[in-house]
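Q: Predicted model and sequence follow; I will ask about them next.
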Amino acid sequence: MTDDNNPMALSRRRVLAGLGAVGVASAGAGLGTTAYFSDRETFESNTLTAGQLDLLVDWQQTYDFGEGHTFVSAHPDHDGDGEQSIAADNDAGQLRYSDFPDEEDEDSNGANIPVLDCENIPPLSEADFGTDPVTGEEMETLVQLTDVKPGDSGEITFSLHLCDNPGYIWMQADNVTDAGGAATEPELVVDPDNLGDLGDAIQATLWYDEDCDNVYDPAEPVDIMLTLDFSGSMLYDQYGGVVSDDDISIGGTTYDETTKIDLVELGTRQFVDYLQSQNSDAKVGVAYFDGEGSDDTEPRTGILQSMTTDLSVVDAALSDLRQKLANVVSGGPGSTPFDGDGDPDPFSNASGIATGTYIGEGVDDAQAELDANGRSGADKRNIVLSDGESFNGTGSTQFSSPTDAADDARAASPSPATDVYTINVDGSASVLQAMAGPAGGSGGDATFFNDVDDPLDIPSVFGSLAAQTVGEKVIMQDSLGNVLAELADGNGIPLDGNRATIYDELEDPADDPDREAFRGNGVMHCVALSWEVPFEVGNEIQGDTLSFDLGFYTEQERHNDGSGPEQTAA
């Protein structure tokens, strides 16, 4: 990171991948399609003040030519078999992408390796493009498929990692060409002018693949507990609660400085508002945990809001968390969020507050609420946020093991079996990572763990989790030709770094206040493009070709408003 007063000439970076020459090459009834992805990285001179801006991209691509999804290519790909993998210190010698495809489980899928970051993603110059799954020939570009027929489909999920500074990202297309190509006799019968019909014939979907699994996930009924750290270190400057001198506005209230609990309030209320806006089938409650005071005989944990489908009630419960946290940590035994006896000034003397962090008790309270008020047939989730390890306060009780509490929740002991998501806010990650994992599965699952180095990233993490709660957001579903037209128009499609804010990528301006920059520090976001040649497509596309480039353009958030460059970066 450079000094803020030092100009850097490394201002913008784009990573291009081209899908090209999607066409028909065979004679007779057999249709063939060839597609090319070409990749390059370029830097363009433009001086910006502040640190580095670096966008890294990895991917996993699959192709279905009538025999189920097959791995085509990935980056990184440690052994060149088309499945994303990196070298690792384990028995297999690799960390691998997924269990997808699994012949015994038609719904199985995986997720791009969650430990990929700005330190271990290799440059695109080292990418292995694999072999054509139909011909077995080595591919020189990212996608190079032959003999594709109606009913065939493909998909690629790109993982975006914006290193160092936050930045705005656009997805773009360039060099779009739709041509008639070779004119075969069967095509000329139905298309005598030999027009380029392939772009209109192929159906495509562009969406945010929130869990990075190469599969579009629709909405499902879900019961959620938000289990929040109400210890003093989330608010009081004395214990590291103040993270920025900048003011922050939440629900009409503006504070002169920003604390961790402010960012939690902003993120959780955006989370709930987004579920409301999407008419999600969700029931939500809120648990909290602190430690204990010197006269306490039990920890200060409990339910801030019992589970309800009326999400406006949950939003109200999440308002003014400064005061509610202060109420919990102040006063004598039995203090609750509703006492009104705490001092919410982050710069007040907080030496006499209750201390400790009883994460395990908070998880137990949330699990009991899911058991008592959860719905049959709904998935169960507990999202646990803390800024430190679990430890004793000054009272007489001993904290319960947070890992044991999470193990019990995942194993339905007591019921129900619960997905445990954890968010570590600039604390010790080991315990929270060990807690994270799916219902019925083991802990330590990186897919369920969010490690937040900068507390300012808290709202975007809740945004990502909100987007995983509802059906994944489709940016555009249309013919591939129309999708490409949008991507090639002007600066392309502006992507939103926080899907919990209501933003329309196609209709709203790029500098809309509800469009947020992507956070730095390599936080992973995934964008996916799928395509399919429908069965009803006939001879009109034989010999046709469609070629184009795909790209991602980024510019830093600082000194920019998200409106983008005056002209396309392509």
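A: Sure, I can see it. Numbers count the residues shown, from 1 in each chain.
Q: Residue 60 contacts residue 154, correct?
A: No: with contacts counted by CB atoms under 8 Å, residue 60 stays clear of residue 154, the gap being 11.7 Å. For every residue, glycine as well, the C-beta is placed using N, CA and C.
Q: what about this structure, any weak spots by pLDDT?
A: Applying pLDDT under 70 to the chain flags the ranges 1-53, 89-93, 98-112, 140-148, 179-196, 521-522, 538-545, 566-570.
Q: re earlier: between residue 60 and residue 154, which has more neighbouring residues?
A: For residue 60 versus residue 154, neighbours defined as other CB atoms under 10 Å are more numerous around residue 60 (31 against 26).
Q: got the contact list for that one?
A: Counting by CB atoms under 8 Å, 6 or more residues apart in numbering, residue 60 touches 71, 74, 83-84, 97-98, 112, 156-157, 214.
Q: If we use 7 Å, what do you get?
A: Applying CB atoms under 7 Å, 6 or more residues apart in numbering, we find residue 60 in contact with 74, 84, 97, 112, 157, 214.
Q: quick one: it from residue 77, how far?
A: Relative to residue 77, residue 60 is positioned 9 Å away (CB to CB, to the nearest Å).
Q: now do residue 422
A: Distance from residue 422 to residue 77, by CB to CB: 29 Å.
Q: same deal with residue 220?
A: In this view, residue 220 and residue 77 are 32 Å apart by CB to CB.
Q: Looking only at neighbour counts, state which of these two leads.
A: A count of neighbours by other CB under 10 Å puts residue 77 above the other of residue 220 and residue 77, at 25 against 14.
Q: partners of the more buried one in the sheet?
A: On the basis of DSSP bridges, residue 77 is bridged to residue 85.
Q: Please name the residues that touch it.
A: Going by CB under 7 Å, 6+ apart, residue 77 touches 83-85, 128.
Q: Looking at those residues, state which has the most neighbours.
A: For the contacts of residue 77, counting by other CB under 10 Å, the largest number of neighbours falls to residue 84: 30 neighbours.
Q: wait, doesn't that residue sit right on residue 95?
A: No: Residue 84 lies out of contact with residue 95 (CB atoms under 7 Å); the separation is 8.9 Å.
Q: any residues in contact with both of those two?
A: With CB under 7 Å, 6+ apart, residue 84 and residue 95 have common neighbours residue 113.
Q: Wait, residue 422 touches residue 449, no?
A: Yes: counting by CB under 7 Å, residue 422 touches residue 449, with 5.4 Å between them.
Q: Between these two, tell me which one has more neighbours.
A: residue 422 (28 against 21).
Q: which residues of the stretch 151-300 of the chain fall in strands?
A: Taking DSSP state E, counting those that start in this stretch, the strands of the stretch 151-300 of the chain run over residues 153-164, 167-179, 203-208, 222-229, 242-244, 248-250, 253-255, 258-259, 282-289.
Q: Which strands or helices does the fifth one pack on?
A: Translated: strand 242-244. Contacts defined by 3 or more CB pairs under 7 Å, 6 or more residues apart in numbering; DSSP states H and E place strand 242-244 against strand 258-259.
Q: likewise the third one?
A: Strand 203-208 makes packing contacts with strand 474-479, helix 480-488, strand 524-532 when contacts are defined by 3+ CB pairs under 7 Å, 6+ apart.
Q: Please report how far the residue nearest to residue 439 when sequence neighbours are not counted lies from residue 334.
A: Closest residue to residue 439 apart from its sequence neighbours, by CB to CB, 6 or more residues apart in numbering: residue 417 at 3.8 Å. Distance of residue 417 to residue 334, given as CB to CB: 33 Å.
Q: the more surrounded of these two?
A: Just comparing residue 417 and residue 334: by other CB under 10 Å the higher neighbour count belongs to residue 417, 16 against 11.
Q: List the residues that contact that one.
A: If a contact means CB under 7 Å, 6+ apart, then residue 417 has 380, 410-411, 439-440 as its contacts.
Q: So which of those belong to strands?
A: If you go by DSSP state E, the contacts of residue 417 have residue 380 in strands.
Q: now, the most widely separated pair of the contacts of residue 417?
A: Within those, 380 and 411 form the most distant pair, 12.2 Å apart (CB to CB).
Q: of those two, who's got more company?
A: Taking neighbours as other CB under 10 Å, residue 380 and residue 411 compare with residue 380 leading, 25 against 15.
Q: Report the contact partners of the more buried one.
A: Contacts of residue 380 by CB under 7 Å, 6+ apart are 223, 370, 374, 416-419, 439.
Q: So which of those residues wins on neighbours?
A: residue 418 (29 neighbours).
Q: Show the backbone phi and psi for that one.
A: phi -130, psi 130 (degrees, to the nearest 10).
Q: So for residue 555, which of the strands of the stretch 151-300 of the chain sits nearest?
A: Of all these, strand 167-179 comes closest under CB to CB, at 5.7 Å.
Q: In the closest one, which residues are buried?
A: 167-174, 176, 178-179 (16 or more other CB atoms under 10 Å).
Q: and those residues as TSV, adding distance to residue 204?
A: Shown next, in TSV, are the buried residues of strand 167-179 (distance: CB to CB, whole Å):
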residue	distance to residue 204
167	26
168	24
169	20
170	18
171	13
172	15
173	11
174	17
176	13
178	13
179	18
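Q: and the two most separated of these?
A: Counting by CB to CB, the most remote pair of the buried residues of strand 167-179 is 167 and 179, 35.7 Å apart.
Q: wait, residue 223 sits on residue 369?
A: No: using CB under 7 Å, residue 223 is not in contact with residue 369; the gap is 9.2 Å.
Q: Can you work out which residues contact both of those two?
A: Counting by CB under 7 Å, 6+ apart, the common neighbours of residue 223 and residue 369 are residue 307.
Q: Distance check, residue 296 against residue 400.
A: Relative to residue 400, and taking CB to CB, residue 296 is found at 15 Å.
Q: Residue 461 now?
A: 25 Å.
Q: out of the two, which sits in the busier spot?
A: Set residue 461 next to residue 400 and count neighbours by other CB under 10 Å: residue 461 wins out with 24 against 19.
Q: So that one sits against residue 449, correct?
A: No: with contact defined as CB under 7 Å, residue 461 and residue 449 do not form a contacting pair (10.7 Å).
Q: Let me see the contact set for residue 288.
A: Shown in contact with residue 288 (CB under 7 Å, 6+ apart): 228, 230, 301-302, 304, 328, 337, 362.
Q: for the contacts of residue 77, which one is nearest residue 205?
A: Taking CB to CB as the measure, residue 205 lies nearest residue 84 of the contacts of residue 77, at 21.1 Å.
Q: Please name the residues that touch that closest one.
A: Counted by CB under 7 Å, 6+ apart, residue 84 has contacts 60, 74, 76-77, 97, 112-113.
Q: what does residue 283 give?
A: By CB under 7 Å, 6+ apart, the contact set of residue 283 is 223, 307-309, 375, 378.
Q: Mind checking which of these are in strands?
A: 223, 307-308.
Q: would you list the residues you listed in JSON lines and tack on distance to residue 474?
A: Listed next are the ones in strands among the contacts of residue 283 as JSON lines, based on distance: CB to CB, whole Å:
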{"residue": "223", "distance to residue 474": "25"}
{"residue": "307", "distance to residue 474": "29"}
{"residue": "308", "distance to residue 474": "28"}
